[in-house]
Structure formats: C-alpha cells, structure tokens
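J.: what's the 3D shape of this:
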Amino acid sequence: ITEEHGTALIFDEVITGFRMHPNGAQALFGIEADIGTYGKVIGGGMPVGAMLGKSEWMDALDGGHWQYGDDSVPPAGVTYFAGTFVRHPITLAAMKAALVYMKNEGPALQERLNTVTEDMVARVNGLFDKYQLPYRWVNFGSAFKTKYDESVNYTELFFMLMRYHGVHVLDFPHFITTAHSEDDIEFIVDVVEKTCIDLRASGFMPMRTYPIETVNSSLNGHARKLNERVITANAAPIPGAKLGRTPKGEPAWFIADPGAPGKYLMLVTDEN
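T.: As a prediction, the model looks like this:
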C-alpha cells in the first residue's frame with residue numbers, strides 16, 4: 001500500500017532493532033520498511049539514535065553515497081542537522097564495536113538471549129503460581145516486564161522488595177543482555193522467590209493467581225481487571241463509614257482516623 005501511494009513505511013526499531021533479531025521486528029514480521037529508527041543496543045551502552053533507510057528516502061538527508069577520505073562529494077543536497085551529542089566520537093567508537101560484535105556472533109546471539117529470557121520468565125511465573133500472587137512476567141524476546149492485577153492494592157511492594165533484596169527493578173520494561181551470567185539469572189529468580197515469600201507473609205496480597213489469558217488481554221501497558229467491582233453506597237460495613245476511592249481509583253470504605261483529624265483509614269472488607 002505504501003509503495004503504491006509513494007509513502008514511506010517507517011519502523012520504530014529503537015527497542016527491537018538488533019535485540020530480538022539481527023534485522024529487528026522487520027525480520028520477525030516479514031515486512032521491509034523504507035526507514036527504521038534505532039538506538040539502545042547499537043550504542044553499546046552509550047546514548048545514541050540513528051536513522052537507516054533506502055536511498056530514495058535517505059539521500060535528502062545525507063546527500064547520497066560518497067566515500068570518506070577521497071575526492072568524492074555527496075551527489076545531492078545535504079540536510080543540515082546538528083546537536084551537542086550528534087556524531088560524538090566516543091559514541092561512534094562504541095557503535096562500531098557493538099555492531100562488529102553482533103555481526104561476528106550472528107543470529108545465535110539473539111536466539112540465545114531470547115531463550116534465556118523465556119526460561120527465566122517461565123520459572124518466575126511458576127513462583128507467582130506457587131505463592132498465589134497476582135503478578136505475571138511477560139516477554140518479547142529478551143525484553144520482559146512485570147504485569148499485575150490493578151484491582152489489587154499495594155502491588156508496588158513487589159518492586160520495592162526486589163530492590164531491598166538486591167535486584168534493581170522498576171515498573172518498566174527490562175532486558176537480559178550478554179552481560180548477564182547464569183549466576184545472575186539464578187540470583188534474579190532467587191530474589192523473586194524471597195519477594196514472593198515476603199509478599200505472602202505481609203498479608204496485603206490476596207490468594208489469587210493471574211492467568212496468562214488475562215495478561216494477553218492487557219490494555220495500555222498494564223493489565224486490567226476483567227470485571228468491575230461494584231460497592232453499594234448505602235451498605236456501609238460499619239456506622240459512619242464513607243465510600244471513597246483508593247489511590248488506584250478503586251472503590252473502598254473509609255473511616256475517620258481518630259489519631260489524625262482530617263485523615264481517613266481504609267477498611268479492609270471482603271469487597272477489597
């Protein structure tokens with residue numbers, strides 16, 4: 001369709017480029033884009049961004065093919081663009097080293113990392129099932145993320161306890177790289193189990209698993225509960241309780257805090 005209408009097909013490969021496959025998401029989905037944007041992996045740890053594409057689209061930017069070091073010049077006009085960190089020599093050296101390394105390793109590099117990540121995610125999900133916790137790890141290649149049931153309060157404790165036990169994680173995507181050893185993977189899984197034990201002992205978490213089917217129906221990057229919970233406003237569990245919402249927007253009952261005028265305490269009931 002884009003070829004027929006003379007429109008550029010652009011792929012955002014900042015996350016997927018060189019990480020899931022040497023040819024990124026384009027190879028995985030069998031689509032050849034006109035232009036791709038890249039970053040992350042190609043920088044070898046340095047901040048970098050790059051655009052790659054077919055000559056009919058890129059010549060207007062770089063002037064077309066020319067050879068550095070001889071008397072050749074760009075055959076087309078060059079679009080001026082600059083920035084403080086554009087073409088930084090240290091970043092360019094890191095890019096070359098990273099790209100040469102990935103080229104020498106071949107597709108087996110990404111396949112190995114993808115497999116390691118999938119195995120780790122499966123083991124962690126087994127722990128969530130074992131301790132009946134409303135979490136699930138999902139992955140795409142070597143990228144993975146923690147999903148959770150948003151109808152449950154205090155789910156952020158998982159990330160705090162993981163950090164407490166020695167694994168720095170946030171509620172963001174994470175990646176397994178060639179820098180991670182087998183011992184690192186074992187340590188991550190061990191810390192997840194310690195965290196699961198702490199969560200179960202805390203009394204905050206309901207005895208509830210989080211099925212894969214629910215994760216696959218997630219929206220906007222966070223899993224959504226399948227059924228809205230309804231609380232009737234005229235059915236207060238104790239006299240004086242008022243209906244309100246938790247920080248996550250869930251309905252709950254609250255009573256005045258006798259030790260802090262103007263503050264309220266949330267009641268724990270069968271409904272939450």
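J.: Shouldn't residue 194 be within a helix?
T.: Yes. Assessed with DSSP: H, G, I helix; E, B strand; the rest coil, residue 194 lies in a helix.
J.: how many neighbours does it have?
T.: 15 (other CB atoms under 10 Å). C-beta coordinates here come from the backbone N, C-alpha and C atoms, glycine included.
J.: List the contacts of it.
T.: 161, 165 (CB atoms under 8 Å, 6 or more residues apart in numbering).
J.: Please report the distance of it from residue 129.
T.: Distance from residue 194 to residue 129, counting by CB to CB, to the nearest Å: 17 Å.
J.: what's the answer for residue 155, then?
T.: On the measure of CB to CB, residue 155 and residue 129 end up 17 Å apart.
J.: now residue 116
T.: Distance of residue 116 to residue 129, computed by CB to CB: 21 Å.
J.: which one of these two has more residues nearby?
T.: residue 116 (17 against 14).
J.: Would you mind measuring from that one to residue 58?
T.: 35 Å.
J.: Residue 21 too?
T.: 22 Å.
J.: go on, residue 20?
T.: 24 Å.
J.: and what of residue 152?
T.: Taken as CB to CB, the span from residue 152 to residue 58 is 49 Å.
J.: Same question for residue 165.
T.: From residue 165 to residue 58 the distance is 48 Å (CB to CB).
J.: Also residue 187?
T.: 44 Å.
J.: next one: residue 42
T.: Distance from residue 42 to residue 58, by CB to CB: 16 Å.
J.: Compare neighbour counts for those two and give me the winner.
T.: residue 42 (23 against 17).
J.: now the more buried one, what's its secondary structure?
T.: Of the three states, residue 42 takes helix under three-state DSSP.
J.: cool, the one 3 residues further on as well?
T.: For residue 45, the reduced secondary structure class is coil; criterion used: three-state DSSP.
J.: residues contacting it?
T.: residue 94.
J.: What of residue 40?
T.: Per CB under 8 Å, 6+ apart, neighbours of residue 40: 14, 15, 17, 19.
J.: Can you name the residues in contact with the helix or strand hosting residue 92?
T.: If you go by DSSP states H and E, residue 92 is part of helix 89-105. Applying CB under 8 Å, 6+ apart, the contact partners of helix 89-105 are 18, 22, 41-48, 50, 85, 109.
J.: Those residues into JSON lines, with extra columns for pLDDT?
T.: Converted to JSON lines, the contacts of helix 89-105 look like this (pLDDT from 0 to 100):
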{"residue": "18", "pLDDT": "94"}
{"residue": "22", "pLDDT": "92"}
{"residue": "41", "pLDDT": "90"}
{"residue": "42", "pLDDT": "92"}
{"residue": "43", "pLDDT": "90"}
{"residue": "44", "pLDDT": "87"}
{"residue": "45", "pLDDT": "84"}
{"residue": "46", "pLDDT": "90"}
{"residue": "47", "pLDDT": "90"}
{"residue": "48", "pLDDT": "91"}
{"residue": "50", "pLDDT": "92"}
{"residue": "85", "pLDDT": "79"}
{"residue": "109", "pLDDT": "95"}
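J.: Dump the residues you listed to TSV, plus distance to residue 145.
T.: Shown next, in TSV, are the contacts of helix 89-105 (distance: CB to CB, whole Å):
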residue	distance to residue 145
18	20
22	23
41	17
42	22
43	22
44	23
45	21
46	24
47	22
48	23
50	25
85	28
109	22
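J.: Show me which of those residues are buried.
T.: Neighbour-count burial (16 or more other CB atoms under 10 Å) applied to the contacts of helix 89-105 gives 18, 41, 42, 43, 44, 46, 48, 109.
J.: Closest one of the residues you listed to residue 32?
T.: residue 18 (16.3 Å; CB to CB).
J.: Skipping adjacent residues, who's closest to the closest one in space?
T.: residue 41 (4.5 Å; CB to CB, 6 or more residues apart in numbering).
J.: cool, and residue 145?
T.: residue 173 (4.7 Å).
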